[in-house]
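Trainee: Sequence first, predicted coordinates after that:
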Amino acid sequence: MRKYVRSGACVCALAWGVGLGLPLAAQDEADPMAAMMKLAAPGEHHRHMAKLAGEWKAVSKMWLDPAAAPVESTGTMQLTPILGGRFMQSQYKGPLMGMEFNGIGLDGFDNQKQKHIGLWVDNMGTMMMTFEGACSDGGKVTTTMSDFVDPASGQATTMKSVTTMIDDKKFMFEGFARPASGGEFFKTMEITYTR
C-alpha cells in the first residue's frame, strides 16, 4: 500500500509543478513537457552505472573500533538496472558477525540536481540512509555523503562513501564516518567486489 501512496504523491507533485509552471532546469517556456522529458532521460552517468549490472562476490572488512582489527566476511551482491536504466537496485546477502545480513540499495543520478543519489536499508536496523554526491575521474570514482543518527551511540553522524571502479571485473566500496561534532573521517568499512 505504501508504494502506491508514494507513487501517487509523485504523480500529483509532477502534475502540480507542470500545472503551475514551476521552473524545471533548462525549461523551454514554449514546451515545458519537452524540458521535463529531457530531464527524465538516462544519460552518461546512468550508462556508467549500467556497467555494474550482474552478480558480484564480496569480501568485506568492518571496523567497529578504528584501533582494532576489522571483522571480515564474504557475501554476494546482485546489481539490477530498473526503470529503464534510470536507477540501479542492489541486493546484498551474506553473514555478518554471526548473523545473516541482507541489504537493499537504490542508486541513481538526478539530472536536475546534477548529483549522484542513493538510499540504503538493511535487516540490521529500521532507518533509511540517503546519500548525495558527485563523481570524478571520468565516472570511475563516486563520492557521496549521508547525515544520520548512529543507532549505536544516538549521536548525529556523517558517512562518506567512496565507490571506485578498478576495472570491468572489480570495484571497491569504502565507508568513512565522522561525528557531527567534527574531526577527521575514519574508515568503518571496505568491500571489494569481483566477478
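Mentor: Sure, I can see it.
Trainee: roughly how far out does stretch 130-149 sit from the chain middle?
Mentor: Put simply, stretch 130-149 sits 8 Å off its chain's centre (Cα atoms, centre = their mean, to the nearest Å).
Trainee: now do stretch 30-43
Mentor: Offset of stretch 30-43 from its chain centre (Cα atoms, centre = their mean): 24 Å.
Trainee: So which bits of it are buried?
Mentor: Applying a neighbour-count criterion of 16 or more other Cβ atoms under 10 Å, one finds 32, 35-36, 38, 42 buried in stretch 30-43. Quick note: C-beta positions are derived from backbone N, CA and C, even for glycine.
Trainee: domains of the protein?
Mentor: Residue ranges for the domains of the chain, per automatic domain parsing: 2-40, 44-194.
Trainee: those helices in the protein, which residues are they?
Mentor: Remark: helices assigned in the chain by DSSP state H are 2-20, 32-40, 44-50.
Trainee: about what we covered before: can I get the buried residues of stretch 30-43 in JSON lines including distance to residue 168 and pLDDT?
Mentor: Converted to JSON lines, these look like this (distance: Cβ to Cβ, whole Å; pLDDT from 0 to 100):
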{"residue": "32", "distance to residue 168": "40", "pLDDT": "85"}
{"residue": "35", "distance to residue 168": "35", "pLDDT": "86"}
{"residue": "36", "distance to residue 168": "34", "pLDDT": "88"}
{"residue": "38", "distance to residue 168": "30", "pLDDT": "87"}
{"residue": "42", "distance to residue 168": "20", "pLDDT": "86"}
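Trainee: quick one: which of those residues is nearest residue 63?
Mentor: Set against residue 63, the nearest of the buried residues of stretch 30-43 by Cβ to Cβ is residue 42 (36.0 Å).
Trainee: worst-scoring helix or strand of this protein, pLDDT-wise?
Mentor: helix 2-20 (a mean of 41; mean pLDDT, DSSP states H and E).
Trainee: So what sits opposite residue 160 in the bridge?
Mentor: For residue 160, the beta-bridge partners under DSSP bridges are residue 145, residue 176.
Trainee: can you pull the contacts of it?
Mentor: Residue 160 makes contact with 143-145, 175-178, 185, according to Cβ atoms under 8 Å, 6 or more residues apart in numbering.
Trainee: got a winner among those residues for most neighbours?
Mentor: Within these, neighbour counts (other Cβ atoms under 10 Å) peak at residue 144, which reaches 20 neighbours.
Trainee: Roughly how far does the closest residue to that residue other than its chain neighbours sit from residue 162?
Mentor: Spatial nearest neighbour of residue 144, excluding adjacent residues (Cβ to Cβ, 6 or more residues apart in numbering): residue 133 at 3.2 Å. From residue 133 across to residue 162, the span is 9 Å (Cβ to Cβ, to the nearest Å).
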